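Trainee: Here you go, sequence then predicted model.
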Amino acid sequence: MIKVAVPITGKEEFNALKKVILSGKFVSGENVKNFEKEYAKYIGVKYAVAVNSGTAALHAALASLGLKKGDEVIVPSISFVSSATAILHQGCIPRFCDVDLSNYCMSVESLEKNINKKTKAILPVHFAGSACEMKKIIKIAKKYNLEIIEDCAQAHGTKYFGRKVGAFGKISCFSFYATKHMTTGEGGIICTNDKKIYNFCKVFRNHGMKDRDTHFQLGFNYRMSELNAAIGRVQLKKLNKINRQRINNSLYILNKLKKTKNSNNWFEIQKPIKHIYHTYFWCPVRILSKKITIDQVKNRLKKKGIEIRARYKFPLYGQKVFHKMKNKKTQDYKNLKLLNSEKLAGKIFGLPNHYKLKKKHLDYIVKTMESLFEK
Ligand SMILES: Cc1ncc(COP(=O)(O)O)c(C=O)c1O
C-alpha cells in the first residue's frame, strides 16, 4: 500500500525526547522558549507562543483580540472544523464565506459580500499548503477596519510574494498535529508582531496566571510541554527539506496529470494563485464528474494499493454543531448553499506525496489515476 502519510520522526527526535525525560523538567523550560524563538524567526515575526494544539492557538488568537459574544468572524466553509469551532469557543459567530473553485481557498468576492456591522475579524485558511489572496484580503480588512487571523495549520513554510504565510495577519496560528508538514505529536503555535497579543496569549495558555498566586484573566491549560517542544525544535530544522520533497513529488505527479487526458476527464488538478510557494500539504485533485463520488475514488485507489486523503465531505455550515448554536446568527446555516463550496465538498482529495516515495511510486500513481475510470 502506498500510504498517504508516513512518520517523519526518527532518531534525532528520540534523542531530544530522551534528554527531556532524563532532565525531569517537563513544563515551561528552555525547549519551549527556544522553540518559540526559532519558530518566530522561521516565519519572520517578532513573537511566538507555543500551545498544545492548533485549535488552542486559534482560540487564544480570537480571545487576544478581545472579541465578544455576538461578534462575527468570517471563515471559509471548506476547512477543518476547528477553523470555525474555535470561533464558537470564544462565544462569537462564524459567518461562512465561499471558496475559490480553482485554489480552494477563501473567495475574496464572497468575503466582502459577507461583511456586516457585526463583523470583527477575517479568518483566512491557507488550504492544503496553498495560500490565500492576502493582498486583497488585507485591503478589505483595512477598508472595513477588521482584524486578520491567518489559519496556517496546513501551510508551514508556504510563501506569498516571497514572504511566509503567518506573517501577514495581526495573528497567525499553526498546528503541529502528527500528519502536518512538521509535528510535535500534538501542538500548535501563535505568531504575531504585536507585543500585547504576545503577552495576552502567554497568560491565556497558562490559567490566566500572572504569577503563582495571581490569576487576573480567564485562561486555560493550553501549554505545550517540553517533550513536544523538543520534538518541534528538531522537526523545524528538517522542515525545509521535508517541504522540498513534498513539493517535488507533488509537482512531478501534478505536471504529468496536467498533460495527460484522463479518461472521461473525471478530475482536474488544483490551480493555485500566482506568486506563491506552495508547500503541498496535499497533492490536491478535484473530481469533476458528477457521477463519481469520493468513496468510489477512495475504494478504487485502495484496491490498486494507493491511499488518499479524502476530507471535507460537507461544507462547514452543513455540520450539526453549527445548527445547534445558541447565539443569534445572521446566516441560516441549515439552508445555506454556497455555490463553490457545494461543488467542492466531497469532491477534493490528496494523493500521496511524502518523502519516502520513489519515482516508480509516483509513476504508478499517475498511471493509476489516468485509467481509474476507463471503461
Ligand atoms: C485548517 C486547520 N485549522 C485548524 C486545525 C486544528 O489543529 P489541531 O488539530 O492541532 O487542533 C487543523 C488541523 O487539522 C487544520 O487543518
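Mentor: Yep, it's here. Numbers count the residues shown, from 1 in each chain.
Trainee: Quick check: buried residues in stretch 2-13?
Mentor: Neighbour counts over stretch 2-13 (16 or more other CB atoms under 10 Å) mark Ile2, Val4, Ala5, Ile8, Thr9, Glu13 as buried. Every residue, glycine included, has its C-beta placed from N, CA and C.
Trainee: Tabulate those residues (CSV), appending distance to the ligand and pLDDT.
Mentor: Compiled in CSV, the buried residues of stretch 2-13 are given as follows (distance: CB to the nearest ligand atom, whole Å; pLDDT from 0 to 100):
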residue, distance to the ligand, pLDDT
Ile2, 22, 97
Val4, 14, 95
Ala5, 12, 92
Ile8, 16, 92
Thr9, 16, 95
Glu13, 18, 98
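Trainee: Next step: these restricted to helices.
Mentor: Among the buried residues of stretch 2-13, DSSP state H puts Glu13 in helices.
Trainee: Nearest residue to the residue in the stretch 51-200 of the chain that the ligand sits nearest to in space, ignoring adjacent ones along the chain?
Mentor: Nearest residue of the stretch 51-200 of the chain to the ligand (CB to the nearest ligand atom) works out as Gly54 at 2.5 Å. Of all residues beyond its chain neighbours, the one nearest Gly54 is Ser175 (2.6 Å), with distances taken as CB to CB, 6 or more residues apart in numbering.
Trainee: so how far is Ile231 from that neighbour?
Mentor: Relative to Ile231, Ser175 is positioned 14 Å away (criterion: CB to CB, to the nearest Å).
Trainee: for Leu288, same thing?
Mentor: Taking CB to CB as the measure, Leu288 falls 40 Å from Ile231.
Trainee: Give me the more crowded residue out of the two.
Mentor: Ile231 (26 against 14; other CB atoms under 10 Å).
Trainee: Surely that one is in contact with Ala16?
Mentor: Yes: applying CB atoms under 8 Å, one finds Ile231 in contact with Ala16, separated by 6.3 Å.
Trainee: what about the helices in the stretch 251-375 of the chain?
Mentor: Counting by DSSP state H, counting those that start in this stretch, one finds helices in the stretch 251-375 of the chain at the ranges 294-303, 320-323, 339-344, 359-371.
Trainee: can you give me the strands for the stretch 251-375 of the chain?
Mentor: Taking DSSP state E, counting those that start in this stretch as the criterion, the stretch 251-375 of the chain contains strands spanning 267-269, 276-277, 283-287, 309-310, 348-351.
Trainee: The helix or strand bottoming out on mean pLDDT in the chain: how far from the chain's middle?
Mentor: Of the helices and strands making up the chain, the lowest-confidence element is strand 209-211, at a mean of 88, by mean pLDDT, DSSP states H and E. Taking the mean of its C-alpha atoms, strand 209-211 sits 31 Å from the chain's own mean (CA atoms, centre = their mean, to the nearest Å).
Trainee: average pLDDT for the following helix or strand past it?
Mentor: On the C-terminal side of strand 209-211, the closest following helix or strand by DSSP states H and E is strand 214-215. The predicted model gives strand 214-215 an average pLDDT of 92.
Trainee: So what are the sheet partners of strand 214-215 and their directions?
Mentor: Sheet partners assigned to strand 214-215 using DSSP bridges are listed as strand 209-211 (antiparallel).
Trainee: List the contacts of the partner strand.
Mentor: Val203, His215, Phe216, Gly219 (CB atoms under 8 Å, 6 or more residues apart in numbering).
Trainee: residues contacting the last one?
Mentor: The one in question is Gly219. Gly219 sits next to Val203, Phe204, Arg205, Asn206, His207, Gly208, Met209 when contact means CB under 8 Å, 6+ apart.
Trainee: Run a quick neighbour tally on the third one.
Mentor: As a burial measure, Arg205 scores 25 neighbours (other CB under 10 Å).
Trainee: Contacts only, for it.
Mentor: Neighbours of Arg205 in contact, by CB under 8 Å, 6+ apart: Val49, Val51, Ala56, Ala60, Gly219, Phe220, Asn221, Tyr222, Arg223.
Trainee: just checking, Asp39 touches Lys237?
Mentor: Wrong residue type there; residue 39 is Tyr, not Asp. No: with contacts counted by CB under 8 Å, Tyr39 stays clear of Lys237, the gap being 11.4 Å.
Trainee: Tell me which of these two has more neighbours.
Mentor: For Tyr39 and Lys237, the more surrounded residue by other CB under 10 Å is Tyr39, and the numbers stand at 27 against 13.
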